[in-house]
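Participant: Sharing a sequence plus its predicted fold:
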Amino acid sequence: MLNKLSEYLQKQLPFVAYRKPNATKVKAVFQHSDTLHTVTDFSESGFVFAPFDTSQQTILIPFDEVLEGELETVTLPKTTTEALMPSAEAHKKHLQLVEKGVEVIQNSDIQKIVLSRKEEIESQQHPLVIFERLRENYPTAFVYLWYHPEVGMWAGATPETLVSANGNTIKTMSLAGTRKFEENAAISWNQKEIEEQQIVTDYIAAQLKKFITNVTVSEATPHRAGSLVHLCSMISGRMNSEFTIGDIITALHPTPAICGFPTEKAKAFILQEEKYNRAFYTGFLGELNVKEETSRNRNRKNQENSAYRTVRSHSELYVNLRCMELTDTKRILYIGGGITKDSNPESEWQETVAKSQIMKRVL
Ligand SMILES: C=C(O[C@H]1C=CC=C(C(=O)O)[C@@H]1O)C(=O)O
């Protein structure tokens, strides 16, 4: 598989390689042409790559060729930029952005806004080395390397599921609140963190109730993401048969975990005040409508074995967090955090620094 990935990189053809949370095998999807396929209503089948702002194009890499297996080790030099600190100017800019966010929240009905920044690092660490080290460092994350010649190259290790659908069974999570992970240390989550995660849970549950009769929400528990820990609730249910995965995706994205609440007002603030294009950061990605054929007996008592085939579809989508864009000479990291009325700008800055180290560690 390594040779094929190198060949696709060299020929500048679209591909995606990914490793699912807690899996050992890598999957890779290779597109046989350099056409730019886009998604219109999520009835398509392929690997989807969606931006934060849905007025921009959602890209699809069709399943032209899919390989699955162990990936050979990349024998190229490995460096790290973990100790690299952002500039004083970036610090000041982020503090100002967060202060503005807190002020707007305190003076309006907005409860939460997720504010972010990007950080450019001069690095030519090879994409396949980045992919390998993300896999080594973050076994419980969804780790990927994605490329399309007309769009660019992205890599990441995200802890967050947007939605997984197996037939009509829908599962998702509400993830928010961030602390540094410390071995054997019990975390006492503060009111700000509990609230920011509850906003996400309530929103997701309310949105899903439009399509699911019995929505189940688990208690919030700590969810480790490399050197960080978040608060996480699992949310699930069975989608009523008149709806599709497209309805669920459209209702969920962008959740308050990466945008804010109320959605439209938070989004308007982000688009106006962040002053940069998030592009695919805080968008989502993953397998869309993978078709699985199963054979079943029409009648179990019937020894004649009149089997019939059913096609079941499954999708597994993740929120594009802890990610970077790879250009020829730079690695551009995207990082953010949830702001509420109680946010402390300096702590929010520190949180983005801690999140950036997830990526710097492998550069
Ligand atoms: C927006 C990001 O994280 C989100 C997901 C988990 C915890 C978050 C937080 O604590 O603020 C964010 O909502 C990011 O990592 O860039």
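Facilitator: Ah, there it is. Numbers count the residues shown, from 1 in each chain.

Participant: who touches stretch 33-50?
Facilitator: 12-14, 16, 18, 29, 31, 57-63, 146, 148-151, 154, 244-246, 249-250, 253, 280, 283-291, 313, 317 (C-beta atoms under 8 Å, 6 or more residues apart in numbering). Where C-beta positions appear, they are placed from N, C-alpha and C, glycine not excepted.

Participant: at 7 Å what do you get?
Facilitator: 13-14, 16, 29, 57-63, 146, 148-150, 244-246, 249, 280, 283-291, 317 (C-beta atoms under 7 Å, 6 or more residues apart in numbering).

Participant: and the end-to-end length of that stretch?
Facilitator: 20 Å (C-alpha to C-alpha, to the nearest Å).

Participant: K265 belongs to a strand?
Facilitator: No - counting by DSSP: H, G, I helix; E, B strand; the rest coil, K265 is not found in a strand; it is helix.

Participant: which residues touch whatever residue of the stretch 101-250 of the chain ends up closest to the ligand?
Facilitator: Relative to the ligand, the nearest point of the stretch 101-250 of the chain is T178 (3.5 Å; C-beta to the nearest ligand atom). If you count contacts by C-beta under 7 Å, 6+ apart, T178 has them with 228, 230, 337, 351.

Participant: what about whatever helix or strand it lives in, average pLDDT?
Facilitator: Assigned by DSSP states H and E, T178 belongs to strand 169-180. Looking at strand 169-180 alone, the average pLDDT works out to 96.

Participant: what's the spacing between the helix or strand following it and its chain's center?
Facilitator: Going down the chain from strand 169-180, the next helix or strand is helix 191-208, by DSSP H and E. Here the centre of mass of C-alpha atoms in helix 191-208, compared against the chain's by C-alpha atoms, centre = their mean, to the nearest Å, lies 18 Å away.

Participant: Tell me the buried residues in helix 191-208?
Facilitator: Using 16 or more other C-beta atoms under 10 Å as the test for burial, helix 191-208 gives 192-193, 195-201, 203-205, 207-208.

Participant: Doesn't V353 lie inside a strand?
Facilitator: No - per three-state DSSP, V353 lies outside any strand segment and is helix.

Participant: before we move on, back to that, go back to the contacts of stretch 33-50 and keep what's next to the ligand.
Facilitator: When contact is defined as C-beta under 6 Å from any ligand atom, the contacts of stretch 33-50 do not meet the ligand at all.

Participant: are any of these buried, and which?
Facilitator: Among these, those buried by neighbour count (16+ other C-beta under 10 Å) are 13-14, 16, 29, 58-63, 146, 148, 244-246, 249, 280, 283-290, 317.

Participant: circling back: could the buried residues of helix 191-208 be laid out in CSV, adding distance to K92 and pLDDT?
Facilitator: Output for the buried residues of helix 191-208, formatted as CSV (distance: C-beta to C-beta, whole Å; pLDDT from 0 to 100):
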residue, distance to K92, pLDDT
K192, 23, 93
E193, 25, 94
E195, 27, 95
E196, 24, 95
Q197, 29, 97
Q198, 31, 97
I199, 28, 97
V200, 29, 98
T201, 34, 98
Y203, 32, 98
I204, 35, 98
A205, 38, 98
Q207, 37, 98
L208, 40, 98
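
Participant: Could you list which of these also contact the ligand?
Facilitator: Counting by C-beta under 6 Å from any ligand atom, no member of the buried residues of helix 191-208 is near the ligand.

Participant: Closest to L326 out of the residues you listed?
Facilitator: V200 (29.4 Å; C-beta to C-beta).

Participant: Quick one: residues contacting that closest one.
Facilitator: Here V200 is in contact with 174, 176, 255-257 (C-beta under 7 Å, 6+ apart).

Participant: quick one: the helices in this protein?
Facilitator: Along the chain, counting by DSSP state H, helices occupy 2-11, 88-106, 127-137, 191-208, 245-252, 263-273, 345-360.

Participant: So which residues on the protein come close to the ligand?
Facilitator: Checking the chain against the ligand by C-beta under 6 Å from any ligand atom, the hits are 114, 116, 160, 175-178, 230, 257-258, 321-322, 335-338, 355.
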